[in-house]
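Participant: have a look at this prediction, sequence included:
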Amino acid sequence: MSNTITEAELTDFFINKVVKRLTIVQTKESTYKIVVNLTWKEGDYTLVTTRKTPREWVSLDRLIKHMREKYKSHKLIRITLILLNETKK
């Protein structure tokens, strides 16, 4: 995973007002992750843990609570949901 940022970096980016867009993405596993676009770098950056794995939440409630506590200055939130195909047998 090449375009990643840590929690500490993202916090600094919010303080310095360089986060252009924050997107919540639902994964195929029905978890949620944060992807950001920065004003001074090209591309999208996925939030990762200290072990460099994507930081994921099992519910939107928990993710929103985390965002309200950590990133109070960000006002616009975009949510991208995928449609999960249901297979009938």
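Facilitator: Nice, I can see it.
Participant: next SSE after the helix ranked longest in the chain?
Facilitator: Criterion DSSP state H: the longest helix present in the chain is helix 60-70. Next helix or strand after helix 60-70 toward the C-terminus (DSSP states H and E): strand 78-80.
Participant: ok, now how distant is the residue nearest to residue 59 when sequence neighbours are not counted from residue 69?
Facilitator: Closest residue in space to residue 59, ignoring its immediate chain neighbours: residue 32 at 7.6 Å, by Cβ to Cβ, 6 or more residues apart in numbering. In this view, the C-beta of every residue, glycine as well, is placed from N, C-alpha and C. Going from residue 32 to residue 69 by Cβ to Cβ, to the nearest Å gives 16 Å.
Participant: just to revisit the earlier point, please name every helix or strand in contact with the longest helix of the chain.
Facilitator: helix 7-15, strand 19-26, strand 32-38 (3 or more Cβ pairs under 8 Å, 6 or more residues apart in numbering; DSSP states H and E).
Participant: and those, which one averages the lowest pLDDT?
Facilitator: Mean pLDDT across those is lowest at strand 19-26; the value there is a mean of 88.
Participant: listing partners with orientation, what would you give for that strand?
Facilitator: Strand 19-26 sits in its sheet next to strand 32-38 (antiparallel), strand 78-80 (parallel), going by DSSP bridges.
Participant: so which of the ones you listed gets nearest residue 21?
Facilitator: Among the strands paired with strand 19-26, the nearest to residue 21 by Cβ to Cβ is strand 32-38 (4.3 Å).
Participant: buried set for the closest one?
Facilitator: Buried residues in strand 32-38, defined by neighbour count with 16 or more other Cβ atoms under 10 Å: 32-36, 38.
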